[in-house]
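Novice: Here is my input; please provide its structure:
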Amino acid sequence: MTEKSGVVAKLRRQINRGDSWLTYDLGRLFTSDKLNDDALEELETRLLTADAGVEVTNEIVGKLGNEVRAGRIKTEKQLREGLSKAILAILKPVEQPLEIPKFIRPYILFVAGVNGVGKTTTIGKLALRLKRGGLSVVLAAGDTFRAAAVDQLKVWAERADVPILSQGEGADSASVIFDAVQSAKAKGIDVVIADTAGRLHTQAHLMEELRKIKRVIQKHDRYAPHEVLLVVDATTGGNALTQALQFHEAIGLTGIAITKLDGTAKGGILLAIAKRLSLPIRFVGVGEAVEDLEPFDAQAYTDALIG
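Specialist: Numbering: from 1, shown residues only. Have a look, this model is predicted:
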């Protein structure tokens, strides 16, 4: 089995657990070898139910409708191919893996997201991934608002065998991250991954705190942070898109990681985010294991959805 086919298999196992458009047999949209009259309407309902959003749904159904009327979609295979092509057209542009250039040291990676999305877990998995790739990493425990946050990050630091800088509950987040960057510079560490307090995108004062941290980091490097990664939870559906829009407006995102795809059949939210924001989707999370944080592969994801 090739590496890519392995990714497809894993995605299919984890994603295809519910009875939605992701798993429903497309053959049921046909009567004998003829597409049902209400097939596109049924597909439209499935897309909306899977949180793909109105914009994406209209685009995909519109394209397929044109193909049906032109006589180019008459069989299940052709429908599957047409759907795959339409989805891939939306996802391929945002398939941009995280690349850390050698000329930026330390590379400062800023991680944001609301509580409960799997932010700390994503940081830990990412630290391990980067270390296995030959980079030295330090974690900055900037989530000082929640007592357990630093402890959770310390557990992941131990798993990844990377250092962590923290100042305890209630410390100034910007100060913690600033110190971590200084330490990384002094010790020649390649990457600083800065955790931030999980916050609701509707809490204006906490969003302002994120802007403050960004300004403080820029005292080290005017172009920092070099990556502003938002972690969102696929199981929250449309709320994940709302979070992405609000965070992007507040701090300027450069990438997105989508977690908990193993907990939902509504993987359409990934389409909605890709279409609305056109931001790079760096990683998808399809399980609890360290290896279950995968660089986003548009073709593999599409193949997993459609089969």
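Novice: what's stretch 110-123 in contact with?
Specialist: Contacting residues not belonging to stretch 110-123 are listed as 139, 143, 146, 149, 152-153, 156, 193-196, 198-201, 210, 213-214, 217, 225, 227-233, 236, 243, 247, 251, 253, 257, 259-260, 283, 285, 288, 293 [C-beta atoms under 8 Å, 6 or more residues apart in numbering]. In this view, the C-beta of every residue, glycine as well, is placed from N, C-alpha and C.
Novice: Which parts of the chain are helices?
Specialist: Using DSSP state H, the helices assigned to the chain run over residues 3-15, 39-49, 54-69, 76-91, 119-132, 147-160, 173-187, 204-217, 238-251, 269-277, 298-306.
Novice: Work out which residue lies at the spatial centre of this structure.
Specialist: Ala257 (2.1 Å; C-alpha atoms, centre = their mean).
Novice: Could you find the closest non-adjacent residue to that residue?
Specialist: Nearest non-adjacent residue to Ala257, counting by C-beta to C-beta, 6 or more residues apart in numbering: Phe283, 4.2 Å away.
Novice: Show the contacting residues for Ala52.
Specialist: Applying C-beta under 8 Å, 6+ apart, one finds that Ala52 lies in contact with Ile60, Gly268, Ile269, Leu271, Ala272.
Novice: what about the residue lying closest to the first one once chain neighbours are set aside, how many neighbours?
Specialist: Going back to what we said before, that points to Ile60. In this structure, Ile60 finds its nearest non-sequential neighbour in Ala86, 4.5 Å apart by C-beta to C-beta, 6+ apart. Other residues near Ala86 come to 19 when the count uses other C-beta atoms under 10 Å.
Novice: returning to that earlier point: counting neighbours, which of the contacts of stretch 110-123 end up buried?
Specialist: Buried members of the contacts of stretch 110-123, counted by 16 or more other C-beta atoms under 10 Å: 139, 143, 149, 152-153, 156, 193-196, 198-199, 201, 210, 213-214, 217, 225, 227-233, 236, 243, 247, 251, 253, 257, 259-260, 283, 285, 293.
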